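Participant: Quick one: sequence plus predicted model below, questions after.
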Amino acid sequence: LNKPLIVKFKRVEFSDFDKRYKYVRERLNSHPLITIIDPDISAHRIIRDCDGVISLPFTSTAIIAHYYKKPSIYFDPTGRLILNQPAAQGIEIINNKKALEVWMKKVGN
């Protein structure tokens, strides 16, 4: 959608055991519209300046975004989660690419 994205991972280091993590991080880091933020930077600090937040279920960044009244969703790329489950604490769960695109088009406009 040609929108800049900021990605905050929970950790910097990766072991040889988890090559997928390293691969995903390297692919994201090479994309011109994606900025990887150091895990030590406060999520509060980043979210205050964002237009919207996409979180993996059920990380606290979605709750923090809700606190700052920012548009916030959980994105389940596996499509395995029940969309109205209590663990989401009222935050919408999106589980497909088309719905994610629709949501992203609404954010920041």
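Facilitator: Nice, I can see it. Numbers count the residues shown, from 1 in each chain.
Participant: going forward, measure contacts and count neighbours with C-alpha atoms only.
Facilitator: Will do.
Participant: Show me the shaky parts of the chain.
Facilitator: Residue ranges of the chain with pLDDT under 70: 12-17, 109.
Participant: can you map out the strands along it?
Facilitator: When secondary structure is read from DSSP state E, the chain shows strands at 5-8, 34-37, 53-55, 72-75, 92-94.
Participant: List the pairing partners of the second one within its sheet, with orientation.
Facilitator: To tie it back to what came earlier, the one meant is strand 34-37. Each strand that strand 34-37 pairs with, and the sense of that pairing, follows from DSSP bridges: strand 5-8 (parallel).
Participant: tell me the helices in the chain, going along the chain?
Facilitator: Taking DSSP state H, the helices of the chain run over residues 19-29, 43-48, 60-67, 97-106.
Participant: Format the CA atom coordinates belonging to the third one as PDB.
Facilitator: Yep, that's helix 60-67 we're talking about. Written as PDB, here are the backbone C-alpha positions of helix 60-67 (Å, rounded to 0.1, in the frame of the first residue of the first chain):
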ATOM      1  CA  SER A  60       0.600  -5.800  24.700                       C
ATOM      2  CA  THR A  61       1.200  -3.300  21.800                       C
ATOM      3  CA  ALA A  62      -2.500  -3.600  20.800                       C
ATOM      4  CA  ILE A  63      -3.600  -2.700  24.300                       C
ATOM      5  CA  ILE A  64      -1.100   0.200  24.500                       C
ATOM      6  CA  ALA A  65      -2.400   1.500  21.200                       C
ATOM      7  CA  HIS A  66      -6.000   1.300  22.500                       C
ATOM      8  CA  TYR A  67      -4.900   3.300  25.500                       C
END
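Participant: Just list what it packs against, helices and strands only.
Facilitator: Secondary-structure packing of helix 60-67 (3 or more C-alpha pairs under 8 Å, 6 or more residues apart in numbering; DSSP states H and E): helix 43-48, strand 53-55, strand 72-75.
Participant: In CSV, list these along with mean neighbour count.
Facilitator: Listed next are these as CSV, based on neighbours: other C-alpha atoms under 10 Å:
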stretch, mean neighbour count
helix 43-48, 15
strand 53-55, 23
strand 72-75, 24
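Participant: Now the ones you listed in a markdown table, please, with extra columns for distance to residue 6.
Facilitator: Rendered in a markdown table, the data for those read as follows (distance: least, C-alpha to C-alpha, whole Å):
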| stretch | distance to residue 6 |
| --- | --- |
| helix 43-48 | 9 |
| strand 53-55 | 9 |
| strand 72-75 | 14 |
